[in-house]
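[1] How does the following fold in three dimensions:
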Amino acid sequence: MRIQGASFSALFCAIFMLYVSCHCSANWLEANQTAALLVDASPQSAQKIPDKMFGIFFEEINHAGAGGLWAELVSNRGFEAGGQNTPSNIDPWLIIGNETYIIAGTDRTSCFSRNEIALRMEVLCDNGGSIICPNGGVGIYNPGYWGMNIVQGKTYKLSMHVRSVDSVNLLVSLTSSDGLQNLATANVVAGALDMANWTKVELLLEAKGTNANSRLQLTTTRKSVIWFDQVSLMPLDTYKELGSMLANLKPRFIRFPGGSFVEGEWLRNAFRWRETIGPWEERPGHFGDVWRYWTDDGLGYFEFLQLAEDLGASPVWVINNGISHNDQVDTSTILAFVQDALDSIEFASGEADSKWGSVRASMGHPEPFELKYVALGNQDCWKKNYRGNYLKFYNAMKAAYPDIQLISNCDGSAGKLDHPADLYDFHVYTSGNDMFAKAHQFDRTARLSTGPKAFVSEYAATGQNVGTGNLFSALAQAGFLIGLELNSDVVEMASNAPLFVNDNDRRWNPDAIVFNSWQQYGTPTYWMQQFFKESSGAILHPARLQTNSSNLIASAITWQSPEDSSSYLKIKIVNFGSDIVNLKITVAGLQNAVNSFGSTITVLTSKNLMDENSFKEPNKVVPLQSKLQNAGEENMDVVIAPHSFISFDLALATNKIIDLQFKI
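    Here you go, the predicted structure:
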């Protein structure tokens, strides 16, 4: 069936009018550029895209986990962020009252051997005598990560360790940031003998009101000395919209926990997996010196593995190979680091009766995780000891786990690697224009029957013109990803960076998902990635553009819906230029008839190339989908708007994709 140009133009304008002012007239169409797209949908020309082609990359940057994806509401819950020397900074904890009534500082009296710092609160006033406590009492409060989002009707679990030389009458409350609005309260009353030793206290607080900028208060009107440690507040319902946004991308893998976060500026501050497992109260936490903030490591190695499992994604575990930004371990003394990495793999995938598998089982996950990918370092190829260290890790891991896929930091796109690897890491941060041009980055990569393929684990359009994540940035990256699809015979996996940014702590721009204590939105880059969530494991068809423009790029895939097994031919087109394009799409060799019922068109564009989303306008630049009533089997005349990303999903009449034979 052939789509008539006038009817399709009318349909397109109905969609496009929500973004721009367009006039569906002959003159509007006559001034356009023309191009043709030839799609060969025959089985003989098709190839399978790798099953795990598109995924996500999580790094603890921009407070992505601490104060973001991780549900903990208390910042510096263990009072360790100020360091091991006492007295230390207890930020962001502050006192309620003044020095006449209260003294608060740290000492090394905690009951936890791996995090010895506790808070000592000496209350100088009383409810009688010479120094009377003010109304409401005195104490300490924690504002969380730029405010705690407390929601009416929800229940919050408080857990803390308390010790006192006196009887305790403590008021635990959730209030507004100024302390005036009381949202929830509970009392802790105990005799001196009951609190003489460290005691774990757990309370449930049901919110009677809503405030997105709340705080946790611990107050008293009794003269006393009280110690606190490991003060935690979590909603009973830990589900977050941030998690839903990740799930909606349908990632086939998740790379974690970095990034530079894995390396550290110095090895003493590198991510150490052993310190992030076990009971959260016993995790020492650490200062991430690359992005310069403390994390309690509640979101640790075990939780990352759980997250991957929950998302149905393969974990890609990035290990430190004895190299940081400023220091490195000599290859002659690297074996302790190698053993540490082997232990981490056993923790994830060992049987429940193995040494480290039993630790995992004790944490509630007796079944092994499916850990198949390990990256040996991050951006370290040029470092003096990288190759020597890498080979030590590689040989030991392959001997112990021959099926695991090991990823080198060295780029193999332009020439053969000088060391063995299953995949090689490729990172690209560049301007928007250059990012779009890099759609052809792998066109010249040698097609070898054996050897590692590319893992584009970090890509982003950066620089002055991308703002904090605008349409321009998204289109540049969309073109790049189409280029990866077209080269998926030599590219195995790809993920954007960074994934999250707390709006209160922007260490990097742009990012895919922006949030604060109570709201979130996807940038155009996030929505751009939605166009590729069906690509992993799909069938790629040759798509040849006939055009004089270098601003167009297109791909065509056949994919099958996991919900109802419906099949679709998806044609994606990026117009990176400022001209309208009249495009004739010809499809040859299609084995299934096109059904106009269920066919759709999806458009990502906006009035201005620099448009961004925001908390005020979270949906300013989002894809708009509409039914494509007159989908054609062989020829379609379509209008491609300037600065746009368009997907045509043509429903195929059969419910089953023809079983094609591939050489993989």
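
[2] The stretch 501-650 of the chain: helices as residue ranges?
    With DSSP state H, counting those that start in this stretch, the ranges of helices along the stretch 501-650 of the chain come out as 524-530.

[3] whoops, I mixed them up, the stretch 201-350 of the chain
    Along the stretch 201-350 of the chain, counting by DSSP H, counting those that start in this stretch, helices occupy 241-248, 260-263, 301-311, 335-349.

[4] Would you mind finding the most buried of those helices?
    Most buried of those, by mean neighbour count (mean count of other C-beta atoms under 10 Å): helix 260-263, with a mean of 24. Backbone N, C-alpha and C define where each C-beta goes, glycine included.

[5] if you average pLDDT over that one, what comes out?
    Across helix 260-263, pLDDT averages out at 98.

[6] repeat for stretch 82-94
    97.

[7] do stretch 141-156 as well
    98.

[8] can you check stretch 233-253 too?
    Mean predicted confidence for stretch 233-253 is 94.

[9] Show the end-to-end separation of that stretch, please.
    Terminal residues of stretch 233-253 are spaced 30 Å apart (C-alpha to C-alpha, to the nearest Å).

[10] between the helices of the stretch 201-350 of the chain, which gets nearest to Ala478?
    Evaluated with C-beta to C-beta, the helices of the stretch 201-350 of the chain place helix 241-248 nearest to Ala478, the distance being 17.3 Å.

[11] by contact count, what packs against that closest one?
    Judged by 3 or more C-beta pairs under 8 Å, 6 or more residues apart in numbering; DSSP states H and E, helix 241-248 is in contact with helix 301-311, strand 513-515, strand 520-522.

[12] Could you list the low-confidence segments of this protein?
    Within the chain, the set of residues satisfying pLDDT under 70 comprises 1-31, 632-634, 654-664.

[13] ok, back up a step: ok, which of the helices of the stretch 201-350 of the chain comes nearest Ile585?
    Closest approach to Ile585 among the helices of the stretch 201-350 of the chain (C-beta to C-beta): helix 241-248, 28.1 Å.

[14] centre of the chain versus that closest one, how much separation?
    9 Å (C-alpha atoms, centre = their mean, to the nearest Å).

[15] Ok, stretch 630-646 next?
    That offset, for stretch 630-646, works out to 32 Å (C-alpha atoms, centre = their mean).

[16] buried ones in it?
    Buried residues in stretch 630-646, counted by 16 or more other C-beta atoms under 10 Å: 631-633, 636-646.

[17] now do stretch 169-185
    169-177, 181, 183-184.

[18] do stretch 130-147 as well
    Buried positions in stretch 130-147, judged by neighbour count with 16+ other C-beta under 10 Å: 133, 136-147.

[19] what secondary structure does Phe436 sit in?
    Secondary structure state of Phe436, per DSSP: H, G, I helix; E, B strand; the rest coil, is helix.

[20] Now do it: how many residues are near it, please.
    Phe436 has 26 neighbouring residues, counting by other C-beta atoms under 10 Å.

[21] Spit out the contact partners of it.
    Counting by C-beta atoms under 8 Å, 6 or more residues apart in numbering, Phe436 touches 475-476, 479-480, 551, 553, 574, 576.

[22] what do you get for Gly82?
    Gly82 neighbours (C-beta under 8 Å, 6+ apart): 76, 88-91, 106, 117.

[23] Give me the buried entries from those.
    Buried by 16+ other C-beta under 10 Å: 76, 88, 90, 106, 117, out of these.

[24] looking at this, Ile95 is in a strand?
    Yes - Ile95: assigned to a strand according to three-state DSSP.

[25] picking that back up, now the contacts of Phe436 as a markdown table including distance to Val621 and neighbour count?
    As requested, the contacts of Phe436 are exported to a markdown table (distance: C-beta to C-beta, whole Å; neighbours: other C-beta atoms under 10 Å):
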| residue | distance to Val621 | neighbour count |
| --- | --- | --- |
| Leu475 | 10 | 28 |
| Ala476 | 14 | 29 |
| Gly479 | 16 | 27 |
| Phe480 | 18 | 28 |
| Asn551 | 19 | 18 |
| Ile553 | 20 | 25 |
| Val574 | 15 | 30 |
| Phe576 | 15 | 25 |
